[in-house]
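1. Sequence first, predicted coordinates after that:
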Amino acid sequence: MRRERARKTRNRLYEAGVEGRRGQLTSAEPQRASAAEEQITEIAASRDRAQAGAAEAQGQLKSAEEQIAELTSSRDRAQAGAAEAQGQLKSAEEQITELTASRDRAQAEAAEAKGQLKSAEERITELTASRDRAQAEAAEAKGRLKSAEQQNEIHGIPTGSNFFKTAFDRLQLDEVALLSYRRDNYEVYYCGDHLACKKKWKLVHNGDHVAVFTAGEHGDILRQRNRTRHPRKIVSYIVDKASRWGKTASDIFNHLVEDFPDYVECGRITRNQVE
C-alpha cells in the first residue's frame, strides 16, 4: 500500500512536472517565435540591403567599365591626334626648312642679279663714255679729213677687183692701218702703231682711180706688241676679213691657215694675235 501510494505520488509529481514544463514551454513559444520573426525580418532586411548594395555595386561597376571604355577611347583618340600633330609638325618643319632654303637661294640670286645689274650699269656707263669719246674723235677726224691733203692717186686698178685693198697694197705703208669706217665711195683708216694716234688715211674711189688723202700726225707713244711686225699682206688680209666681211677672229685664223699655211704653221701668228 505504502509502495502504491508512493508510486502514485511519484506519478502525480511527474505529471505535475511535465505539465509545468509544458506550461513553461507554452508560455515561452510566443517569445521565441517573436524573436525568430524579428531575426527573420532582420535577416531579410540585411539580405535586401546586401542585394541593394550588390545592385549598386554592379551599377557602379558598369559605370566604371563604361567610364574606362570612354577613357580608353579618349586616350586612343588623343594618341591618334598626337601622332597626327607630330606628323603635321614634321611636315611643317620640312616645309619651313625648304622655304628657308628657297628664300636663301632667292636672296643669293637677288644679290647676284644686283651685282650683275651694277656691273652692267657700270659697263653701260663705261661704253657710253667710250662711245662719246669715239664720236668726239670721229667728229674731230672728220673735221681734219675735210682739210686733208691729197697724197697720192692710184691708177690702173683692174675692173672688178677691190679698189681699196689694191690701193692699200700699192701704198706699202710702214704703219699698220686699221679701218675706221667706210661709205659707198670711200674708206677711212687710222694708224694702229701708236696709242691715240691722230694719223688718218682716206681712200676715195673716183672712177678709174683711187685718191689717197692723209691728215693728222702720228702719236708719241708706240704701241707695245707681243710680236714682230707682220707682213703687209697678212695685216691687210686680217683687216679686210674683219672690217669688210665681218668675220670673227676664229674664222679669220682658219682662213689664214688655209691661205697662208707656211706663215701660220711656223708659229709667226696665233689665234690670240689675230683677235
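-> Here it is on my side, so go on.

2. if I pick residue 115, what's in contact with it?
-> When contacts are counted by Cβ atoms under 8 Å, 6 or more residues apart in numbering, residue 115 touches no other residue. From N, CA and C alone the C-beta is placed, and that goes for glycine too.

3. before we move on, what about residue 221?
-> Per Cβ under 8 Å, 6+ apart, neighbours of residue 221: 194-196.

4. Report the buried members of these.
-> Buried subset of the contacts of residue 221 (neighbour count, 16 or more other Cβ atoms under 10 Å): residue 194.

5. okay if I get the contacts of residue 221 as CSV plus secondary structure and pLDDT?
-> Converted to CSV, those look like this (DSSP: H, G, I helix; E, B strand; the rest coil; pLDDT from 0 to 100):
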residue, secondary structure, pLDDT
194, strand, 78
195, coil, 76
196, coil, 79
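
6. Of the contacts of residue 221, which is the nearest to residue 176?
-> Nearest to residue 176, judged by Cβ to Cβ, of the contacts of residue 221 is residue 194 at 9.8 Å.

7. is the closest one in a bridge, and if so with what?
-> Going by DSSP bridges, residue 194 is paired in beta bridges with residue 222.

8. Please save the CA atoms from stretch 68-79 in PDB.
-> Taking C-alpha atoms only, stretch 68-79 is exported to PDB below (Å, rounded to 0.1, in the frame of the first residue of the first chain):
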ATOM      1  CA  ILE A  68      37.100  53.000 -68.500                       C
ATOM      2  CA  ALA A  69      35.900  52.300 -72.100                       C
ATOM      3  CA  GLU A  70      35.200  56.000 -72.700                       C
ATOM      4  CA  LEU A  71      38.600  57.000 -71.200                       C
ATOM      5  CA  THR A  72      40.300  54.300 -73.300                       C
ATOM      6  CA  SER A  73      38.600  55.600 -76.500                       C
ATOM      7  CA  SER A  74      39.500  59.200 -75.500                       C
ATOM      8  CA  ARG A  75      43.100  58.100 -74.900                       C
ATOM      9  CA  ASP A  76      43.300  56.400 -78.300                       C
ATOM     10  CA  ARG A  77      41.800  59.500 -80.000                       C
ATOM     11  CA  ALA A  78      44.300  61.600 -78.100                       C
ATOM     12  CA  GLN A  79      47.200  59.400 -79.200                       C
END
